[in-house]
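1. sequence first, predicted model second:
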Amino acid sequence: MTLFILTETAAGYALLKAKDKKLLKRDDLAEEAGTAEGISSMLKLKQFKKFESASSALEEAAALTEGKVSLSGLRLLSLSELWVHVGAP
């Protein structure tokens, strides 16, 4: 199964795709993820959704801290044709 990571940056949402299906089983994962080059070798940018303004970026960050996925985040996921289940930790 392919691994996707949705992350929020200061500029917008990034949907990343693992280049290796066995990424989480790597023994050197923490060490490799410690540098930008390491992350670049493990993940590929699939999509990026830019925030419309600084205030919308702040709203998005606030929603994430409350454990909510905003409409903008859901749109990015639906555009990528991925089905995602968001559950409580």
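-> That came through, no problem. Residues are numbered from 1 along each chain as shown.
2. okay, CA-based contacts and neighbour counts for the rest of this
-> OK.
3. who touches residue 73 in this structure?
-> Counting by Cα atoms under 8 Å, 6 or more residues apart in numbering, residue 73 touches residue 13.
4. doesn't it lie inside a helix?
-> Yes - assessed by DSSP: H, G, I helix; E, B strand; the rest coil, residue 73 belongs to a helix.
5. check what pLDDT it gets.
-> Per-residue pLDDT puts residue 73 at 73.
6. in what helix or strand does residue 44 lie?
-> Following DSSP states H and E, one finds residue 44 within strand 43-50.
7. name the residues of that strand that are buried.
-> 43, 47-48 (16 or more other Cα atoms under 10 Å).
8. just stretch 48-60 next, same as before
-> For stretch 48-60, by 16+ other Cα under 10 Å, it's 48, 51, 57, 60.
9. ok, these vs residue 30, which is closest?
-> When those are compared for distance to residue 30 (Cα to Cα), residue 48 wins out at 24.5 Å.
10. now that closest one. Nearest residue, chain neighbours left out?
-> Excluding its sequence neighbours, the residue lying closest to residue 48 (Cα to Cα, 6 or more residues apart in numbering) is residue 14, at 4.5 Å.
11. wait, that neighbour sits on residue 4?
-> No - counting by Cα atoms under 8 Å, residue 14 does not reach residue 4; the two are 10.3 Å apart.
12. show me what the helix of greatest length in the chain is in contact with.
-> Counting by DSSP state H, the longest helix found in the chain is helix 54-65. Outside helix 54-65, the residues that touch it by Cα under 8 Å, 6+ apart are 8, 10-12, 51, 69-70.
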